[in-house]
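Please find the sequence and the predicted model below.
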Amino acid sequence: MANSCGKAKDFFGTVQRIYSLFANSTKRWLILKENIKGLTLKSLSTTRWESRVASVKAIQSQPLQIKKALLQLAESDNDLVTRSAAKSLAAYDIGNFEFLLGMTIWYDILAAVNEVSKDLQSKDMLIDVAIEQVQGLIAYFEKYRETGFTEAMINAKKLAIEMEIDPVFPEQKSVKFVEKDILMRMKRRFEEYQAYDDIFGFLFTSERLNSMDNNKLKDSCDRLQNFLKKDELFDVDGDALLVELKLLRERLPKEIKTSIDILNYLKRMRCFPTASVAYRILLTIPITVASAERSFSKLKLLKSYLRSTMLQERLNGLALISIESDFLDKIDYEVLIDDFAAKNARRAIFK
């Protein structure tokens, strides 16, 4: 999104220049802290998903204070390059109505994306919920393209008057890039989720399972069997799944709604093997790559320069302990230690 057009690149380049100017010196950072009372400036990052919205929010919430800090820096610093950069940023960038308008638009867009992104990264996110989230985000962007630019102009003009900036936009701009790039990406993601919905959708909730007649249920079971089939082998038998789901619909308690609840119920019953396999496959489909990226982040912390001679078995064990730390907190270490000591104790018989 941030690389969708030249104006966007220029805007985020200015955001990074403002941060770098203050962050490169403790004295400059102190001047910044003296002028702002809210969020401090944040740097852009290519790996952190929230970095751009955090960077924009820090400026969007206090542009007048940051402009004052730039002007103070330009007056107090002895370095000619720093003085020139601070004056330029205060007068031609953050003091420009086009920058204020871009800041308003980008904060609206990134804030909406960030909320959905954080939900999709949760460990217990389900595909049906992800589909609803992405569909809602698409609807938001479509509406924003129709009315968002006008509302952003109004808010930017109010901010410009407060900062004593002439609220004149030299050329009427549009936000077609929002539809062309952002909407295209969101719709592509929605199509990917929709493909899973066509195959696994009848298993998402007990409500959807109960709403299908026998013919539609059979078609869904056959479609799932064909999807999970390779050569002459298949993971799920469609006919067996149909029989089990018909029986399951009659026995399933009303309080059980989601696919996770249904799978836990199947584990307790121990009499629906094919349905259990189908639900396990459904719940192991990754919604995002967030879990994999968290694992690699843990690996980077474990495999440091001081541990360069660590063998693979030890690294795997430490990585598993670190990744599954929540589960590890529930384990009684004393019992494990006693059990380990009992198995490895050397006993000698003296006569």
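Now that the structure is in, tell me what you want to look at. Keep in mind the model is a prediction, meaning the values are calculated, not measured. Numbering: from 1, shown residues only.

Pick out the residue nearest the middle of this protein.
S117 (3.2 Å; Cα atoms, centre = their mean).

what helix or strand is that residue on?
helix 97-120 (DSSP states H and E).

which element follows that helix toward the C-terminus?
Trace forward from helix 97-120 with DSSP H and E and the next one is helix 127-143.

Show me what the helix or strand that that following helix is followed by packs onto, helices and strands only.
Where DSSP H and E defines the elements, the next helix or strand beyond helix 127-143 is helix 149-162. Secondary-structure packing of helix 149-162 (3 or more Cβ pairs under 8 Å, 6 or more residues apart in numbering; DSSP states H and E): helix 97-120. C-beta coordinates here come from the backbone N, C-alpha and C atoms, glycine included.

As CSV, could you dump the C-alpha coordinates of the helix it packs on?
Only the C-alpha atoms of helix 97-120 are listed here, as CSV (Å, rounded to 0.1, in the frame of the first residue of the first chain):
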residue,chain,number,x,y,z
PHE,A,97,-1.4,21.4,3.0
GLU,A,98,-0.8,18.5,0.6
PHE,A,99,1.2,16.8,3.4
LEU,A,100,-1.6,17.4,5.9
LEU,A,101,-4.1,15.9,3.5
GLY,A,102,-2.0,12.9,2.8
MET,A,103,-1.4,12.4,6.5
THR,A,104,-5.2,12.4,7.1
ILE,A,105,-5.9,10.0,4.3
TRP,A,106,-3.1,7.6,5.1
TYR,A,107,-4.0,7.5,8.8
ASP,A,108,-7.6,6.6,8.0
ILE,A,109,-6.6,3.8,5.6
LEU,A,110,-3.8,2.3,7.7
ALA,A,111,-5.7,2.4,11.0
ALA,A,112,-8.5,0.4,9.3
VAL,A,113,-6.1,-2.1,7.8
ASN,A,114,-4.2,-2.4,11.1
GLU,A,115,-7.2,-3.4,13.1
VAL,A,116,-8.1,-6.2,10.7
SER,A,117,-4.5,-7.3,10.4
LYS,A,118,-4.1,-7.7,14.1
ASP,A,119,-7.3,-9.8,14.3
LEU,A,120,-6.1,-12.0,11.4
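
from the middle of its chain, how far away would stretch 323-335 be?
27 Å (Cα atoms, centre = their mean, to the nearest Å).

Stretch 136-156 too?
22 Å.

what about that stretch, how long is it end to end?
26 Å (Cα to Cα, to the nearest Å).

list the buried ones in that stretch?
L137, I138, Y140, F141, Y144, R145, G148, F149, A152, M153, N155, A156 (16 or more other Cβ atoms under 10 Å).

The fifth one reaches D108, doesn't it?
It stands for Y144. Yes: if you go by Cβ atoms under 8 Å, Y144 and D108 touch, sitting 6.9 Å apart.

how much space between the spatially closest residue to Q121 that is not a sequence neighbour and K68?
With sequence-adjacent residues excluded and distances taken as Cβ to Cβ, 6 or more residues apart in numbering, Q121 is closest to A290, at 3.9 Å. As defined by Cβ to Cβ, to the nearest Å, A290 lies at a distance of 39 Å from K68.

For A240, grab the count of nearby residues.
A count of nearby residues for A240, using other Cβ atoms under 10 Å, gives 17.

Remind me which helix or strand it belongs to.
Short version, using DSSP H and E: A240 is in helix 238-251.

go on, I66?
I66 belongs to helix 63-76 when assigned by DSSP H and E.

Beyond that helix, next helix or strand please.
Counting by DSSP H and E, what follows helix 63-76 is helix 80-88.

May I see the buried residues of that following helix?
T82, A85, A86, K87.

Other residues contacting it?
Here helix 80-88 makes contact (Cβ atoms under 8 Å, 6 or more residues apart in numbering) with R17, L21, R28, L70, L71, L73, A74, D77.

for stretch 228-246, same thing?
Against stretch 228-246 from outside (Cβ under 8 Å, 6+ apart): 209, 214, 217-218, 221-222, 224-226, 272-275, 277-278, 281.

Could you pull up the residues touching K68?
N35.

how near is it to S211?
On the measure of Cβ to Cβ, K68 and S211 end up 61 Å apart.

if we can go back for a sec, just the buried members of the contacts of helix 80-88?
Neighbour counting with 16+ other Cβ under 10 Å marks L21, R28, L70, L71, L73, A74, D77 as buried within the contacts of helix 80-88.

would you list these in TSV and tack on pLDDT and distance to Y305?
Converted to TSV, those look like this (pLDDT from 0 to 100; distance: Cβ to Cβ, whole Å):
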residue	pLDDT	distance to Y305
L21	94	33
R28	93	32
L70	94	40
L71	93	44
L73	93	38
A74	93	42
D77	89	38
